[in-house]
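Chemist: after the sequence you'll find the predicted model.
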Amino acid sequence: MKQYMFLALLCLFGSCDIAGDAPESREPLTCISRLEVFKSQRVMHVYCNDVRVRSYSIQLGFSPKGHKQKEGDGKTPEGDYTITDLNPNSQYYKSAGISYPNAEDRKWAREHGFSPGGDIRIHGLPNGYSDDHKILFSHDWTLGCIALCNADMEELYRHLTPGTPITICP
């Protein structure tokens, strides 16, 4: 319990950067050229011109192991995608769309008689929840999205642009 309280306090003071292999410095974020997500480590790395400038702790879909294949499976996709859009008026604290499903995802789902699902996003907490809410660190809780604390989502959102590549690894 003390660990969760400590982690929540980190968010309250402006940083949820608790992932291992954190960047060397917390200089102001100036650009984002690509994102890498490592599901098993629950971390998203942010790069600016091939230099890692941030690492954020994340939460995933409620059934995170494996690649998302069909609507409702609770999995977060794996593979190479791009950021499609930014939404300041999301049902979560800001959000950024991920280009899932891609052509390969749609083909697999069609061949197996499933809907691949969609609307996979990077987002903050549900509206009305603050960074000190226990949902942030207690378990994977999204329907397949990648969730950050609101403070980290705010920083990411300010510098993210549609077309930014994102690689999601197991």
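Modeler: Cool, got the structure. Numbering: from 1, shown residues only.

Chemist: how about the helices in this structure?
Modeler: Here the chain has its helices, by DSSP state H, at 2-12, 103-111, 135-138, 150-159.

Chemist: spatially central residue in the protein, please.
Modeler: For the chain, the residue sitting closest to the mean C-alpha position, by C-alpha atoms, centre = their mean, is I146 at 2.9 Å.

Chemist: that one contacts M44, doesn't it?
Modeler: Yes: counting by C-beta atoms under 8 Å, I146 touches M44, with 6.7 Å between them. All C-beta atoms are positioned from the backbone trio N, CA, C, and that covers glycine.

Chemist: can you list residues touching both of the two?
Modeler: V37, I58, I122 (C-beta atoms under 8 Å, 6 or more residues apart in numbering).

Chemist: most surrounded residue in the residues you listed?
Modeler: Greatest neighbour count in the shared contacts of I146 and M44, by other C-beta atoms under 10 Å, goes to I122: 28 neighbours.

Chemist: what score does A147 have for pLDDT?
Modeler: For A147, the pLDDT comes out at 95.

Chemist: and for T161?
Modeler: For T161, pLDDT reads 97.

Chemist: that one: neighbouring residues, count only.
Modeler: T161 - counted by other C-beta under 10 Å - has 11 other residues nearby.

Chemist: residues touching it, list them.
Modeler: I32, I83, L86.

Chemist: got those as TSV, with neighbour count and pLDDT columns?
Modeler: Shown next, in TSV, are those (neighbours: other C-beta atoms under 10 Å; pLDDT from 0 to 100):
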residue	neighbour count	pLDDT
I32	21	96
I83	21	98
L86	17	98
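
Chemist: from the residues you listed, which single one is nearest A109?
Modeler: I83 (21.9 Å; C-beta to C-beta).

Chemist: list the contacts of the closest one.
Modeler: Contacts for I83 (C-beta under 8 Å, 6+ apart) come out as L35, A96, G97, I98, S99, I122, L160, T161, P162, G163, T164, I166.

Chemist: in contact with the closest residue in space to it that isn't next to it in sequence, which residues?
Modeler: Once flanking residues are discounted, I83 sits nearest to T164: 4.3 Å by C-beta to C-beta, 6 or more residues apart in numbering. Counting by C-beta under 8 Å, 6+ apart, T164 makes contact with I32, S33, R34, L35, T82, I83.

Chemist: with P116 instead?
Modeler: P116 neighbours (C-beta under 8 Å, 6+ apart): K68, Q69, K70, E71, Y100, P101, D105, R106, W108, A109.

Chemist: for the last one, give its distance to G117.
Modeler: Read it as A109. 8 Å (C-beta to C-beta, to the nearest Å).
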